[in-house]
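Enquirer: any chance you could fold what I've pasted below:
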Amino acid sequence: MAITASMVAELRAKTDAPMMECKKALTEADGNMEKAEELLRIKLGNKAGKASSRVTAEGVVTAYVDGNAGAMVEINCETDFVTKNDSFLAMANAAAELVAKNNPADIAALGAMAYSQDGFGPTLEDVRKGLIGKIGENMSFRRFKRFASGAKLASYLHGTRIGVVVEFEGDDVAAKDVAMHIAAMKPVSLSTSDVSADLIEKERAVAAGKADEDRKAAEAAGKPAQSAEIVAKRVEGAVQKYLKEVSLHNQPFVKNDKQTVEQMLKAANTSVKGFTLYVVGEGIEKKADDFAAEVAAQVAAAKAAAAQ
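Expert: Residues are numbered from 1 along each chain as shown. Down below sits the predicted model:
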């Protein structure tokens, strides 16, 4: 029986298995949908479908640079074990190269691209789902950024968990040093004027809260409280200190803390146009497993079932 694309799509929707595996199962089952589904469950254990809802807070960051074009990608998984799997790492590296060379619009468009650079064979999404079925863990493409502004690019990967791409003009060595500095010090912006208003207000609120705590402590100790003017200056001073700490240009350079990054770049006749920093799992809420509570819940459930 001829296997059609709609049949493959239907089986894929039912099982969440890779497209090529669906086609093979349908061929083996001579087009019988139920038998093909059974074959897939025997082969893959329906792992892809079961894994799809689990949190992926581990993973890797990978980068690809070719001349003035490049990309950085974060791919997540459930445990650190998978980040050492050769097939998973190969998929991550392939994804970064695909982004750099093909400029996909979003994650869905990236997944629809052929895994092989020749444009043929399974898609990146097929490979992802195939690895889920093989390994038994959920994994997902979380984010990517493509660089093609015309500026020179320097990349640095600290292991597989931190990635930095710097857009610059000037000396390659200085730019690489800056990329390493960013990985270590994690600035949030290029200069103080680039720090977002939300971060500034959050820091101002923290400083104001600290000043209020100091006021209460002074009152409790019978000491005179500082004037509103002095408190305002303290708060603003704390905000300015924060801005210098989180802006790249103002940070002390990690290789020579006697000079700022801006001073180092000026001495090397180099300018940084922008940078991107990825840290694996940043912003993803991890599930905190309480093993004792889980065991207690299982025991309680067993007792309740026995009492019925």
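Enquirer: any idea which helix or strand carries Gly121?
Expert: For Gly121, there is no helix or strand it lies in under DSSP states H and E.
Enquirer: quick one, what contacts it?
Expert: Gly121 makes contacts with Ala114, Tyr115, as judged by C-beta atoms under 8 Å, 6 or more residues apart in numbering. Where C-beta positions appear, they are placed from N, C-alpha and C, glycine not excepted.
Enquirer: and it, how far from Thr27?
Expert: Look at Gly121 and Thr27: by C-beta to C-beta, to the nearest Å, they are 17 Å apart.
Enquirer: which SS class is Lys241?
Expert: helix (DSSP: H, G, I helix; E, B strand; the rest coil).
Enquirer: what about the closest residue to Pro187 other than its chain neighbours, how many neighbours?
Expert: Sequence neighbours aside, Leu248 is the residue nearest to Pro187 in space, at 4.1 Å (criterion: C-beta to C-beta, 6 or more residues apart in numbering). Applying other C-beta atoms under 10 Å, we find 26 residues neighbouring Leu248.
Enquirer: before we move on, what about Glu28?
Expert: The burial count for Glu28: 14, using other C-beta under 10 Å.
Enquirer: then Gly281 would be within a strand, right?
Expert: No. Gly281 is assigned coil when assessed by three-state DSSP, not a strand.
Enquirer: distance of the residue nearest to it when sequence neighbours are not counted relative to Thr83?
Expert: Excluding the flanking residues, the one nearest Gly281 by C-beta to C-beta, 6+ apart is Ala57, at 4.3 Å. According to C-beta to C-beta, Ala57 stands 12 Å off from Thr83.
Enquirer: CA-only coordinates of stretch 208-228, as PDB, when you get a sec.
Expert: C-alpha atoms of stretch 208-228 as PDB (Å, rounded to 0.1, in the frame of the first residue of the first chain):
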ATOM      1  CA  ALA A 208      15.300  52.300  49.300                       C
ATOM      2  CA  GLY A 209      14.300  49.200  51.300                       C
ATOM      3  CA  LYS A 210      17.800  48.900  52.800                       C
ATOM      4  CA  ALA A 211      17.600  52.600  53.800                       C
ATOM      5  CA  ASP A 212      14.300  52.000  55.500                       C
ATOM      6  CA  GLU A 213      15.700  49.000  57.400                       C
ATOM      7  CA  ASP A 214      18.600  51.200  58.600                       C
ATOM      8  CA  ARG A 215      16.100  53.900  59.700                       C
ATOM      9  CA  LYS A 216      14.200  51.400  61.800                       C
ATOM     10  CA  ALA A 217      17.400  50.000  63.300                       C
ATOM     11  CA  ALA A 218      18.400  53.600  64.200                       C
ATOM     12  CA  GLU A 219      15.100  54.300  65.800                       C
ATOM     13  CA  ALA A 220      15.200  51.100  67.800                       C
ATOM     14  CA  ALA A 221      18.700  52.000  69.100                       C
ATOM     15  CA  GLY A 222      17.500  55.500  70.000                       C
ATOM     16  CA  LYS A 223      19.600  57.200  67.400                       C
ATOM     17  CA  PRO A 224      18.500  60.100  65.200                       C
ATOM     18  CA  ALA A 225      17.200  59.100  61.800                       C
ATOM     19  CA  GLN A 226      18.900  60.500  58.700                       C
ATOM     20  CA  SER A 227      17.200  63.300  56.800                       C
ATOM     21  CA  ALA A 228      15.200  62.500  53.700                       C
END
